[in-house]
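J.: this is a predicted model, with the sequence first.
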Amino acid sequence: MTPVLLQLLMLFAGLSMLAFGGGSGIIPDMQRAAVDHYHWVTAHEFLDMFAISRAAPGPGSLIVVLVGLKAAGLAGAAVSFLAMFGPSCLAVHIIARFWQRAATSAWRAVVERALAPVGVGLTFASGLSLMRGTEHGWLPWGVTIAAAAAFALTEISPILLLAGGAVVLLVVGA
Amino acid sequence: MHAMGTRKEPSLASLFAGFVSIGMMAFGGGLAAWTRREVVQKRGWLDDRQFLSGYALSQLVPGATNVNLSVFIGTQLRGVAGALVCFCDLTALPLTIVLILGALYLHSRGHAGGAWVSTALGGMGAVAIGLNLGTGIRLARRNIAGLIPIATTAIVALSIGVAGFSLVHVLMVMMPASLLLAWVTRPK
């Protein structure tokens, strides 16, 4: 394993262990390491990679693959992917097995009742934090609220909503 | 609503089909919305309470929440094979797309993508946020009743989402508090 691959492995495995509540919290640390410390990417490239990983489907933490690709080619991308997702997936798998074995136990029923309001709160929190994190004018705010209402109250397909959101901004916002 | 014992056990092929669409449809942070829609609403593999425990546990474990959630759901439904199918499935196509976009980007730096693309992406991002909030509303309507659960939901949502407290700190306080309250108020 070359030094760069090892550095990628250590960096992303370490960051993944700090990524509580999803990937977005570790982006500033990742930026500091990849740009200022290792000089794998420039600050501008990092921002572009962030935008690409947000615009593409799937989890936003796939940005690690782009940093790895730039730093060490396809091998770098592969190592970064495994380092980012391997340890946490293993941990979740073990917890899920344990959880399943406790299917009928009294403590699992209590934990489920305790987790329900926390889970609903976290769902709202993720939406609210994203709203705070983006520069929202009145138009995107309106689109967000309209989409929330449509999704909650009707059975309309989210694909239509996403397409509608793009159209509204292109037509009204241009 | 599905009763505990009547949960359908999906084949690996139908797990695959379900999670391919989740991976491909989720733009800009709407993954939880898609996952719930596919797994609870459309296919009935889990009920809301099972989904919510999985979602909260997926946040307690570090790492990308929705990838964790896919592994949790896959393990629950079909063990190790289910976990692998859901994980590979959720990430394979997005991974390929990101790699292609990244390679194109690295080969054509300085080439402007066009302002309208970012405008369109902005609109989709705004909708994706709305999908998250809409999922919260759906979940709350069915699963949250009573003063204590409503207060817990509101404190978690507002402290992180509005006041900007770190998720770790909020969970360190609210998880034990919620567990204690659920224990004290457990049905006898």
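T.: On my side now, so go ahead. Numbering: from 1, shown residues only, chains lettered A, B, ... in the order given.
J.: show me where chain A has helices.
T.: Under the criterion DSSP state H, chain A carries helices at the ranges A:3-18, A:27-31, A:43-55, A:63-101, A:106-133, A:138-153, A:158-173.
J.: what angle do the fourth one and helix A:106-133 make?
T.: The directions of helix A:63-101 and helix A:106-133 differ by 160 degrees, with axes from the mean of the first three to the mean of the last three Cα atoms, to 10 degrees as the criterion.
J.: tell me which other helices or strands helix A:63-101 touches.
T.: Packing contacts for helix A:63-101, counted by 3 or more Cβ pairs under 8 Å, 6 or more residues apart in numbering or on different chains; DSSP states H and E, involve helix A:3-18, helix A:27-31, helix A:43-55, helix B:48-60, helix B:65-107. Any C-beta I mention is one placed from the backbone N, CA and C, and that applies to glycine too.
J.: tell me which residues of it come out buried.
T.: For helix A:63-101, the neighbour count (16 or more other Cβ atoms under 10 Å in any protein chain shown) marks A:63-72, A:75-89, A:91-93, A:95-96, A:99 as buried.
J.: domain ranges for the chain?
T.: Went with chain A since none was named. Following automatic domain parsing, one gets these domains for chain A: A:1-101, A:135-174.
J.: that's the other chain; I wanted chain B
T.: Partitioning chain B according to automatic domain parsing yields domains covering residues B:4-143, B:145-188.
J.: now residue B:77: how far from residue A:94?
T.: 16 Å (Cβ to Cβ, to the nearest Å).
J.: cool, and residue B:124?
T.: Distance, residue B:124 to residue A:94, using Cβ to Cβ: 36 Å.
J.: quick check: pLDDT value at residue 67.
T.: Using chain A. At residue A:67, the model reports a pLDDT of 95.
J.: wait, chain B
T.: Looking at residue B:67, its pLDDT is 90.
J.: the closest residue to residue A:127 other than its chain neighbours: helix or strand, and which one exactly?
T.: Spatial nearest neighbour of residue A:127, excluding adjacent residues (Cβ to Cβ, 6 or more residues apart in numbering or on different chains): residue B:132 at 3.6 Å. Per DSSP states H and E, residue B:132 falls inside helix B:115-143.
J.: show me where pLDDT drops low in chain B?
T.: Scanning chain B for pLDDT under 70 picks out B:1-8, B:25-30, B:108-118.
J.: nearest spatial neighbour of residue A:123, chain-adjacent residues omitted?
T.: residue B:136 (4.1 Å).
J.: how close does that neighbour get to residue A:68?
T.: Here the criterion is Cβ to Cβ. By it, residue B:136 lies 34 Å from residue A:68.
J.: quick one: average confidence on stretch A:112-125?
T.: For stretch A:112-125, mean pLDDT is 86.
J.: which ones are touching the residue sitting nearest the centre point of chain B?
T.: The residue lying closest to the centre of chain B (Cα atoms, centre = their mean) is residue B:32, at 2.5 Å. Residues in contact with residue B:32, defined by Cβ atoms under 8 Å, 6 or more residues apart in numbering or on different chains, are A:123, A:126, B:55, B:65-66, B:69, B:132, B:135.
J.: quick one: what helix or strand has residue B:45 in it?
T.: Assigned by DSSP H and E, residue B:45 falls within no helix or strand.
J.: now tabulate the contacts of residue B:32 in a markdown table and tack on distance to residue B:146 and neighbour count.
T.: Formatted as a markdown table, those follow (distance: Cβ to Cβ, whole Å; neighbours: other Cβ atoms under 10 Å in any protein chain shown):
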| residue | distance to residue B:146 | neighbour count |
| --- | --- | --- |
| A:123 | 18 | 30 |
| A:126 | 24 | 29 |
| B:55 | 20 | 27 |
| B:65 | 26 | 31 |
| B:66 | 29 | 27 |
| B:69 | 26 | 27 |
| B:132 | 24 | 27 |
| B:135 | 21 | 28 |
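J.: got the buried residues for the worst-scoring helix or strand of chain A on mean pLDDT?
T.: Sorting the helices and strands of chain A by mean pLDDT, DSSP states H and E puts helix A:43-55 at the bottom, at a mean of 77. For helix A:43-55, a neighbour-count test (16+ other Cβ under 10 Å) marks A:45-46, A:48-55 as buried.
J.: packing partners of that helix?
T.: Secondary-structure packing of helix A:43-55 (3+ Cβ pairs under 8 Å, 6+ apart): helix A:27-31, helix A:63-101, helix B:65-107, helix B:115-143.
J.: right, and those - which one's nearest residue B:166?
T.: Distance to residue B:166, taken as Cβ to Cβ, is lowest for helix A:27-31 among those, at 12.5 Å.
J.: let me see the mean pLDDT of the closest one.
T.: Averaging pLDDT along helix A:27-31 gives 81.
J.: with only the CA atoms kept, save it in PDB.
T.: C-alpha atoms of helix A:27-31 as PDB (Å, rounded to 0.1, in the frame of the first residue of the first chain):
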ATOM      1  CA  ILE A  27     -17.100  18.200   5.700                       C
ATOM      2  CA  PRO A  28     -15.100  21.000   7.300                       C
ATOM      3  CA  ASP A  29     -12.600  18.600   8.800                       C
ATOM      4  CA  MET A  30     -12.300  16.700   5.500                       C
ATOM      5  CA  GLN A  31     -11.700  20.000   3.700                       C
END
